[in-house]
Structure formats: structure tokens, C-alpha cells
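Asks: Sequence unavailable; structure follows:
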Ligand code: ATP
């Protein structure tokens with residue numbers, strides 16, 4: 001069993017920056033877990049603290065039932081892929097990948113066979129005899145990933161493992177990583193600032209900001225019910241609509257329309273109405289506005305409506321239903337998809 005238990009963890013840099021600020025987190029055994037958040041929120045620092053590479057100011061990390069305070073990185077049972085890959089420049093790709101096996105004195109033939117197997121899954125087969133200096137950034141990244149996979153550690157820690165790959169390779173590597181992780185049921189924590197990647201890959205996601213976890217949940221939970229407006233803003237390839245509204249007689253007035261609101265709010269309470277562009281549909285009445293722009297997203301188009309008081313509302317429509325710029329359109333939320341947040345604290349009501 002190799003779940004990760006993080007309790008009250010704080011990491012402070014000598015310059016006084018508290019990069020991880022009293023964080024509690026439990027990653028289940030065999031889980032594929034994403035740390036997601038904007039640049040500087042403390043993702044890498046948290047990963048390094050799990051690996052034992054950052055001294056902790058408070059709290060503890062345990063893997064399985066083993067508390068790791070004072071345990072050096074090499075004895076923690078973790079493999080980590082860094083952002084700068086840290087490949088051995090004098091070794092070939094095959095030797096780099098097989099290095100963990102060589103350290104364990106596995107037979108030469110097995111080293112080569114294992115390197116070939118992992119390399120095939122990451123589209124590196126043609127590059128096994130090259131050295132890192134003869135590889136592109138994305139190829140180096142995949143080599144580093146392959147080497148970490150070959151370690152067969154209890155826990156795999158990946159810092160932006162796919163950031164340097166083009167769209168197609170990224171998809172391929174993503175599928176491979178997920179399949180591999182499933183097969184081995186390898187507890188894996190990966191850092192990303194790419195919400196689409198986190199949603200696609202992870203069993204659960206911790207959305208971080210300023211050294212803390214803002215929301216912890218499955219991709220579906222985080223996408224469909226962001227716990228606050230920060231998460232709502234961060235998740236989704238088209239940004240969620242966050243519109244100012246006012247509670248009135250059991251409903252909410254918003255951009256000149258009356259929406260069904262959360263019960264029990266005193267009249268006049270300011271709220272933020274959240275609704276994803278994907279969860280709005282054209283209707284007879286509702287939020288009404290003029291089409292200001294139409295952007296092609298491939299299968300769908302993102303339509304921006306300018307409603308009363310200049311409020312902008314985005315919705316996606318099937319490409320064939322694209323309205324003309326300037327047309328008047330009313331939209332309504334798919335039932336159950338309107339969210340309401342406190343105007344002050346931004347928390348989900
Ligand atoms: P990114 O996505 O940009 O890699 P991140 O979420 O991984 O960001 P960290 O690298 O963990 O964030 O940094 C968290 C905070 O700690 C930032 O404010 C950063 O400036 C600061 N920080 C990181 N490393 C150091 C260091 N060695 N010394 C001082 N401050 C640091």
C-alpha cells in the first residue's frame with residue numbers, strides 16, 4: 001500500500017515565501033492525482049517536499065504507513081521527473097531509461113528489453129541509441145518519463161510531464177501514461193497548470209492557490225461544481241460566465257433577466273451567477289442579448305452575447321447553428337447547471 005498522507009505541511013523558502021501553507025492532502029493508493037494551479041501557487045514545491053527535496057517548516061508526509069520526516073530522497077520509494085529532465089548526457093536514451101535497472105543490477109538483456117518496451121509506448125523506439133544532446137526538448141521529456149516509469153517505485157512524482165510536447169504527441173503520451181499507471185496501479189502525483197490535462201488524466205484533482213488547496217475533487221466535481229469563483233475561473237477551456245446578480249423574491253435578477261435562484265436568500269443580497277458556456281442553450285426567453293462575436297472552436301462555436309448593461313455572456317453552440325453577428329438571441333441554462341456564489345467571499349452557495 002502506497003497512498004500518500006500529507007498533514008499540516010508548510011514549506012518556507014529562506015526569503016520568507018511560504019510556498020506551501022499548512023496543507024492537508026491524502027492521495028489514495030494507486031490513484032492518478034493532479035496538482036493544478038496557476039504559476040507560483042506552490043505545486044512544484046509540494047511535489048519536491050513529498051520527494052524529500054525541500055526541508056519542511058511544519059507538518060509531515062507519509063507514504064503507506066511510513067512517516068518520512070528525516071528520510072532522505074533516495075530512501076523514500078519515489079521516482080520523480082523534473083521539469084529540466086536531468087538526463088545523463090553521456091548515456092544513450094536506452095541507457096538512460098534502463099539506468100534504474102542497472103543500479104539494481106538487472107541482467108543486460110532485461111535492461112534492454114525493458115527500455116525497448118517503455119520506449120515503444122512513448123514513441124521513442126527510433127531514438128534508443130541517441131544521446132540526450134541529440135534529442136528535441138519533447139524527446140528528452142519523454143526519455144525522462146520513461147526512465148521514471150522504469151524505476152518501478154511505490155510513488156511516481158511528475159512535474160509538468162507533458163508540457164514540452166506538441167498537441168498530438170501530448171495526447172499519445174497522455175494515453176500511454178494513463179494506461180501504464182492503471183496497469184501498475186502506481187500511485188502517481190503530477191503537476192500541471194493545464195486544466196484540460198488534469199481533467200483528462202486525473203482520478204482526482206487538487207486545485208491550488210497560494211500554497212493551499214482551494215478544491216479537491218474528481219474532474220467532474222471540479223468542472224461541474226467549482227467550490228469558488230477562483231476555481232470556476234481556472235477550470236474549463238472556455239471561461240465560465242460569472243455574472244453579477246441580486247436576489248429577489250426567491251429568484252435572481254441578472255443582466256436584465258430573472259433566473260431561478262437559490263432559496264432562502266434575503267432580497268437585495270448580491271450574488272455571482274456562474275454558468276458554463278456549454279450549459280447554456282438557445283431558448284424563447286431568458287438572458288437576452290445581441291451576438292457580438294462568434295469564435296470557431298472546431299465542432300462547436302463560442303458565441304458572445306452582449307446583454308443588458310453591457311454584460312457579456314458566452315455560450316457554445318453546434319457549429320451548424322452558429323448565429324450571425326448582430327442577431328438577437330435568448331439563452332437559458334440547462335436545468336441544474338446554474339451556480340450561485342457569494343458576492344463577497346466567492347464561495348459556492
Ligand atoms: P510553476 O507552475 O510556475 O512552476 P508552481 O506552482 O510550481 O509554479 P513553485 O515553483 O512551487 O510554484 O513556487 C511557489 C512559490 O515559491 C512562488 O512564489 C515562487 O516564487 C517561490 N519559490 C520557488 N522556489 C523558490 C526558491 N528556491 N527560493 C525562494 N522562493 C521560491
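Replies: Yep, that arrived. Bear in mind the structure is a predicted one, so any value in this text is a computation, not a measurement.
Asks: need the contact list for the residue in the stretch 101-250 of the chain positioned nearest to the ligand.
Replies: Nearest to the ligand in the stretch 101-250 of the chain, going by CB to the nearest ligand atom, is residue 193, at a distance of 4.9 Å. Glycine gets a C-beta too; all of them are placed from N, C-alpha and C. Residue 193 is in contact with 36-39, 43, 160, counting by CB atoms under 8 Å, 6 or more residues apart in numbering.
Asks: at 7 Å instead, please
Replies: 37-39 (CB atoms under 7 Å, 6 or more residues apart in numbering).
Asks: List just the nearest of the residues you listed to the ligand.
Replies: residue 39 (3.3 Å).
Asks: Am I right that that closest one is in a strand?
Replies: No. Assessed by DSSP: H, G, I helix; E, B strand; the rest coil, residue 39 does not belong to a strand; its assignment is coil.
Asks: Whichever strand or helix holds residue 274: which residues count as buried?
Replies: Using DSSP states H and E, residue 274 falls within strand 270-275. Residues of strand 270-275 classed as buried: 271-275 (neighbour count, 16 or more other CB atoms under 10 Å).
Asks: next one: it to chain centre, how far?
Replies: Remark: strand 270-275 is offset 24 Å from the chain centroid, using CA atoms, centre = their mean, to the nearest Å.
Asks: Kindly report the same for stretch 291-310.
Replies: 26 Å.
Asks: Do me a favour and get the end-to-end distance for that stretch?
Replies: 12 Å (CA to CA, to the nearest Å).
Asks: after the helix or strand of the chain with the lowest mean pLDDT comes which helix or strand?
Replies: Ranked by mean pLDDT, DSSP states H and E, the weakest helix or strand in the chain is helix 167-184, scoring a mean of 84. Moving toward the C-terminus from helix 167-184, the next helix or strand (DSSP H and E) is strand 187-192.
Asks: Could I get the average pLDDT for the helix or strand that comes right after that following strand?
Replies: Once strand 187-192 ends, the next helix or strand along the chain (criterion: DSSP H and E) is helix 195-201. If you average the pLDDT over helix 195-201, you get 92.
Asks: Contacts (any at all) between the ligand and helix 195-201?
Replies: No. Using CB under 6 Å from any ligand atom, helix 195-201 stays clear of the ligand, with a minimum separation of 12.5 Å.
Asks: and stretch 76-83, how far from the chain's centre?
Replies: Worked out by CA atoms, centre = their mean, stretch 76-83 lies 19 Å from the chain centre.
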